[in-house]
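**Q** take a look and give me a structure for this.
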Amino acid sequence: MQGALQSLRLHGNVIKNAMLQHIRVMNPAMLPTVFSRFESVSSARLEEHGFESTTIRDILKAKGKSADGSWLWCTTDDTVYDAVKSMTQHNVGALVVVKPGEEKAIAGIVTERDYLRKIIVQGRSSKSTKVGDIMTEENKLITVTPDTKVVRAMQLMTDNRIRHIPVIDNNGMIGMVSIGDVVRAVVSEHREELNRLNAYIQGGY
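**A** Now for the predicted structure:
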């Protein structure tokens, strides 16, 4: 994951190299004009298009409620076995945990990693251990809001070595995104930005 993040951080060099490839066939005397033109547009046109402006809200909209796994939940009193079974059946890597009878209040999340580290490695029984005993509690959760930039979310997930992050607004939890969702969104945005630069260089703006 660190490698992927470092690679994405090099987008400036990628863009510069892409531009150089396009203008290499031009008269060298035109280079100052081209780069001057590019610099003048970077704070206007590119900002208008929203370079690195994709937000968590965009990811949730693209995924839809049925795909993000955020509506799958278990309670603190459920067994770890049942929680892992639910994750497997729905092909997700984490579940929201709520207190019994309080389905609108998040108590924490439980992930595949919790299962591996706190059940398998420690030799505990998943059928006799409660989810509440191994979950990451609500007050320790790293969260984002719908308006958080995707690049920021990726940084948070990488720095804290987590693969899932809850999305919270004023009304509570509204979704959950994975590191895979975030990386795909960043890669897609950088690809679109390169396409915009290419169109600009070719006179599309």
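**Q** in terms of contact, does Ala83 touch Val131 like I think?
**A** Yes: Ala83 is within contact range of Val131, at 5.1 Å (criterion: CB atoms under 8 Å). Every C-beta, even on glycine, is put in place using the N, C-alpha and C of the backbone.
**Q** what is the burial count for Lys170?
**A** Actually, residue 170 is Asn. It isn't Lys. The local packing of Asn170 (other CB atoms under 10 Å) involves 6 other residues.
**Q** and it, backbone torsions?
**A** The phi and psi torsions at Asn170 (degrees, to the nearest 10) take the values phi -60, psi -20.
**Q** would you mind measuring from it to Lys85?
**A** Per CB to CB, to the nearest Å, Asn170 is found 33 Å from Lys85.
**Q** any idea which helix or strand carries Pro146?
**A** Here Pro146 is covered by no helix or strand, with elements defined by DSSP states H and E.
**Q** for the residue lying closest to it once chain neighbours are set aside, give me the pLDDT.
**A** Among residues not flanking Pro146 along the chain, Arg57 sits closest, at 3.9 Å (CB to CB, 6 or more residues apart in numbering). In the predicted model, Arg57 carries a pLDDT score of 92.
**Q** Arg57 is in contact with Lys149, isn't it?
**A** No: proximity of Arg57 to Lys149 does not meet the contact threshold set by CB under 8 Å, at 10.4 Å.
**Q** now the strands for this structure?
**A** Secondary structure of the chain, counting by DSSP state E: strands at 73-75, 94-99, 102-111, 136-137, 164-169, 172-178.
**Q** output stretch 180-196 as CSV - backbone C-alpha positions only.
**A** Extracted as CSV, the C-alpha positions of stretch 180-196 are listed here (Å, rounded to 0.1, in the frame of the first residue of the first chain):
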residue,chain,number,x,y,z
GLY,A,180,-9.5,-0.6,-2.7
ASP,A,181,-12.3,2.0,-3.3
VAL,A,182,-10.0,4.8,-2.5
VAL,A,183,-7.1,3.7,-4.6
ARG,A,184,-9.4,3.1,-7.6
ALA,A,185,-10.8,6.6,-7.3
VAL,A,186,-7.4,8.2,-7.1
VAL,A,187,-6.1,6.3,-10.1
SER,A,188,-9.2,7.2,-12.1
GLU,A,189,-8.9,10.9,-11.2
HIS,A,190,-5.2,11.0,-12.2
ARG,A,191,-6.1,9.3,-15.5
GLU,A,192,-8.8,11.8,-16.2
GLU,A,193,-6.4,14.7,-15.3
LEU,A,194,-3.8,13.4,-17.8
ASN,A,195,-6.5,13.2,-20.4
ARG,A,196,-7.5,16.8,-19.7
